[in-house]
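>>> need the 3D shape of this:
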Amino acid sequence: MCVCVCKPAYDTSLTDAQWAVIEPLLPRRDPRRGGRPLKFPRRQVLDTILYVLGTGCAWRLVPHDLAPWDAAYRWFRAWTADGTWDRVHDALRERLRVADGRDPQPSAAVLDSQSVRTSEGGESVGFDAGKRVRGRKRHLLVDTCGLVLRAVVHSASVRDRAGAKLVLGGIHRRFPLLGLVWVDGGYVNAVDARLVGWAAERENLEVVVVPRNADVKGFQVLPRRWVVERTFSWLGRCRRLARDYERKTAHAEAMIKVAMIRLMAARLAGEDVEPHGPIETEAARRLAEDLKNE
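Numbering: from 1, shown residues only. The predicted structure is shown next:
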């Protein structure tokens, strides 16, 4: 176990309280199974991954007082492959929901997508004709608090209705209490409303469209829909997620989970930042109203 310091080396580094939340959930080395002891502490490796996530720098450009980039990337890749990020993320989400006085299993969710540009090549890259973006789509299913239930990254050329099936397929096995999903008009409209029947038949889900007021021009804050938009803004604070720099979609999904792990660990550690601006204050007020009306 590494020696904790009072002040993190970088703003992206974990605090002692955040590390205390995450550390028990990480896999431990079993000395009975042999192998060399760890050369770099897990906290240092995680701080290196968070540095790349927060600053958006290339792996090879991490500072020398963090773990070597190749070691950090090797751990990031290994924890992606063996499901460690998924297990840590899901455990923290359930703990945070319980701490907020809610059931660990959500009963309602919000679905939306975000098209982002990619850097150089990689798998599943396409062109979104609607947004005029060449890259990938991030499809997020979040609960009513904005916590991610499932994240799927796919080509930007995949339409929202087809992408929704990738997200919702098999979701009832993971979240048996989930029965309601809010979407926008891009998923269900007069042209194609088959997603409603598919979700009801395959996953026992009710898909409800939150309509946009056609009389209002420009940006609108839509009931329930703003929750997932706020989650996208949380992810946007990480410069690595400003574009999709990952060559594999599995790594792109893992980066989303790492960003949410850091956010949830801060909340569970009692280090959540209180609203201090007009946007944050209005978002907190709307969230309180939505929770009160449920």
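>>> tell me the SS of the closest residue to T84 other than its chain neighbours?
Nearest residue to T84 in three dimensions, chain neighbours excluded: P27, at 5.9 Å (CB to CB, 6 or more residues apart in numbering). Bear in mind the C-beta positions are built from the backbone N, C-alpha and C, glycine included. Of the three states, P27 takes coil according to DSSP: H, G, I helix; E, B strand; the rest coil.
>>> ok, now K137?
On the basis of three-state DSSP, K137 is classed as strand.
>>> I'd say it and D128 touch.
Yes - here K137 reaches D128: they are 6.9 Å apart, a contact under CB atoms under 8 Å.
>>> overlap in contacts, the two.
Residues within reach of K137 and of D128 at once, by CB atoms under 8 Å, 6 or more residues apart in numbering, are S115, A156.
>>> more neighbours: which of the two?
K137 (25 against 21; other CB atoms under 10 Å).
>>> ok, the more buried one - contacts?
Taking CB under 8 Å, 6+ apart, one finds S113, Q114, S115, V116, D128, V153, H154, S155, A156, V158, G163 in contact with K137.
>>> between the residues you listed, which has the least confident prediction?
Least confident by pLDDT among the contacts of K137: that is D128, with 91.
>>> for that residue, which residues make a bridge with it?
Residues in a beta bridge with D128, per DSSP bridges, are V133.
>>> got a list of what it touches?
S115, R134, G135, K137, A156, S157.
>>> wait, which of these is closest to R74?
Comparing the contacts of D128 against R74 with CB to CB places G135 closest, at 26.3 Å.
>>> would you confirm that that closest one contacts V116?
Yes - using CB under 8 Å, G135 is in contact with V116, at 5.3 Å.
>>> mutual contacts of the two, please.
With CB under 8 Å, 6+ apart, G135 and V116 have common neighbours A156, R243, D244.
>>> V148 bridge partners, please.
Applying DSSP bridges, one finds that V148 bridges with V142.
>>> what's the neighbour count on it?
The tally of other residues near V148 (other CB under 10 Å) stands at 24.
>>> distance of it relative to R87?
Look at V148 and R87: by CB to CB, to the nearest Å, they are 14 Å apart.
>>> worst-scoring helix or strand of this protein, pLDDT-wise?
In the chain, the helix or strand scored least confidently by mean pLDDT, DSSP states H and E is helix 278-293, which has a mean of 69.
>>> before we move on, back to that, pull the number of nearby residues for the residue nearest to T84.
There are 13 residues near P27, going by other CB under 10 Å.
>>> could you do D103 as well?
A count of nearby residues for D103, using other CB under 10 Å, gives 10.
>>> contacting residues for it?
R97, L177.
>>> please name the nearest non-neighbouring residue to the most centrally placed residue in the chain.
Centroid-nearest residue in the chain, with CA atoms, centre = their mean: I256, separated by 4.0 Å. Once flanking residues are discounted, I256 sits nearest to A151: 4.6 Å by CB to CB, 6+ apart.
>>> filter the contacts of K137 down to just the ones in strands.
If you go by DSSP state E, those have S113, Q114, S115, V116, D128, V153, H154, S155 in strands.
>>> R136 and Q114, how far apart?
9 Å.
>>> more neighbours, the two?
R136 (28 against 20).
>>> enumerate every residue touching that one.
With the criterion set at CB under 8 Å, 6+ apart, R136 makes contact with 115-116, 118, 124-126, 153-156, 244, 249, 252.
>>> which stretches of the stretch 151-294 of the chain form helices?
Under the criterion DSSP state H, counting those that start in this stretch, helices of the stretch 151-294 of the chain are mapped to 160-168, 171-174, 194-202, 225-236, 249-268, 278-293.
>>> tell me which residues of the fifth one are tucked away?
When burial is assessed from 16 or more other CB atoms under 10 Å, helix 249-268 yields the following buried residues: 249, 251-268.
>>> and the angle for it with helix 225-236?
100 degrees (axes from the mean of the first three to the mean of the last three CA atoms, to 10 degrees).
>>> which of the contacts of D128 count as buried?
By 16+ other CB under 10 Å, the contacts of D128 give S115, G135, K137, A156, S157 as buried.
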